[in-house]
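Colleague: When you get a sec, could you give me coordinates for this:
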Amino acid sequence: MVEVSLRSTAAPLKISPLTRVASVVQAQLDEVSARIARQTEAFDPAIEGYISYALDSGGKRMRPLVALLAGAATGAVTKAHIDLAVIVELIHLATLVHDDVMDEAERRRSQPTLNARWGNALSVLLGDSLFAHALDLSTKFDDAGISRAIARATRDVCTGEIIQTQRRFDLHLAVEEYFRIIELKTATLFAIAAELGAKLNNAAAPQVEALANFGRDLGAAYQIYDDCIDLAGRESATGKTLGTDLRKGKMTLPMLRLLHHASAIEKERYCQLILEGDYASVSLLLKTTAAAA
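Modeller: I've put the predicted structure just below:
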């Protein structure tokens, strides 16, 4: 008689925390992705191909996820939440197009960037078109306050990028100023996704505020993580050009920590490496000095 074991010998599947969280609203998140892909229909046929390339970039859909989860946490996820999720992702995608132009990045999500394929001029205009389209979609909400809030958030995102560009190669940038920059350019969009996700369900003011603060903190943490990856990640894993912050003089938290923990002599040398954009040396220092603690 042969005994058959019902216990599987296969290794258990590892499910990431993000996948587990997203599973709560996965069906709606899939609908958001499908809606984003269909946005090409709103543009002139002459530029549909470019728009499709910009939209077909995959990604984690973090901002739409926050909007949907805020809806689920305060009631039901409605069509309005899907609309909101699409809009915040379009704004995010527009910023990526402009970021890649400013950083002269050649790859994102394992694909050539728009600017690498078609040049800066066309890419800037495509980014502008995505911004305009997102804001146009936002006017469809019954509550005009939703559209105004999205417009203000978009303005803040651009303001953060402008300030960061203004402070390039500023070795005296304070940590507090860094946090202000990332709050504007990244955390703002997370915060508005969470805040409006709650407001669409007429949530109580304390809930709206709590979710907005959660979104803001999550966005800041996500940007810090991304800044670390830019200096300590692997292109094969990230699928994008690394070291762009350093080469473009964007003083991110890892570099500020490196300078903070350096002696006077070390600081002079580290500043020179940063100004030279020496990616290999700065990356190694971040992994081997007190800044890594």
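Colleague: Sketch out the strands for the chain, chain order is fine.
Modeller: In the chain, the segments counted as strands under DSSP state E are 107-108, 111-112.
Colleague: worst average pLDDT in these?
Modeller: Mean pLDDT per stretch puts strand 107-108 lowest among the strands of the chain, at a mean of 86.
Colleague: how far away is the closest residue to F190 other than its chain neighbours from V21?
Modeller: Nearest non-adjacent residue to F190, counting by CB to CB, 6 or more residues apart in numbering: G219, 3.1 Å away. Placement of C-beta: from N, CA and C, glycine included. Look at G219 and V21: by CB to CB, to the nearest Å, they are 15 Å apart.
Colleague: Below-threshold pLDDT in this structure: ranges please.
Modeller: The chain contains residues with pLDDT under 70 at 1-13, 291-293.
Colleague: was I right about F131 contacting H92?
Modeller: No. Contact criterion CB atoms under 8 Å: F131 and H92 do not qualify, at 10.6 Å.
Colleague: How far does stretch 16-33 sit from its chain's centre?
Modeller: 17 Å (CA atoms, centre = their mean, to the nearest Å).
Colleague: buried set for it?
Modeller: Using 16 or more other CB atoms under 10 Å as the test for burial, stretch 16-33 gives A22, V25, Q28, L29, E31, V32, S33.
Colleague: who are the neighbours in contact with L189?
Modeller: Taking CB atoms under 8 Å, 6 or more residues apart in numbering as the contact definition, L189 lies against R63, V88, I91, H92, A153, V157, G219.
Colleague: Could you identify the most distant pair in those residues?
Modeller: I91 and G219 (12.9 Å; CB to CB).
Colleague: where along the stretch 51-200 of the chain do the helices fall?
Modeller: Remark: helices assigned in the stretch 51-200 of the chain by DSSP state H, counting those that start in this stretch are 62-74, 79-103, 114-118, 120-138, 144-166, 175-182, 188-199.
Colleague: of all those helices, which lies closest to Q223?
Modeller: Closest to Q223 of the helices of the stretch 51-200 of the chain is helix 175-182 (CB to CB; 4.3 Å).
Colleague: who touches the closest one?
Modeller: Contacts for helix 175-182 (CB under 8 Å, 6+ apart): 160, 163-164, 167, 219-220, 223-224, 251-253, 256, 260.
Colleague: Now the buried members of the residues you listed.
Modeller: By 16+ other CB under 10 Å, the contacts of helix 175-182 give G160, Q164, R167, G219, A220, Q223, I224, M251, T252, L253, L256 as buried.
Colleague: Spatially nearest residue to the third one (excluding sequence neighbours)?
Modeller: In other words, R167. L173 (5.5 Å).
Colleague: what's around that neighbour, how many residues?
Modeller: Residues near L173, counting by other CB atoms under 10 Å, number 19.
Colleague: cool, and K250?
Modeller: Using other CB under 10 Å, K250 has 22 other residues around it.
Colleague: Quick check: it vs K140, distance?
Modeller: Distance from K250 to K140, by CB to CB: 36 Å.
Colleague: Deepest in the core, which of the helices of the stretch 51-200 of the chain is it.
Modeller: Most buried of the helices of the stretch 51-200 of the chain, by mean neighbour count (mean count of other CB atoms under 10 Å): helix 188-199, with a mean of 28.
Colleague: tell me the angle that one makes with helix 62-74.
Modeller: Calculated by axes from the mean of the first three to the mean of the last three CA atoms, to 10 degrees, helix 188-199 forms an angle of 30 degrees with helix 62-74.
Colleague: Helix 188-199 relative to helix 79-103, how many degrees between them?
Modeller: Between helix 188-199 and helix 79-103, the angle comes out at 180 degrees (the same axes, to 10 degrees).
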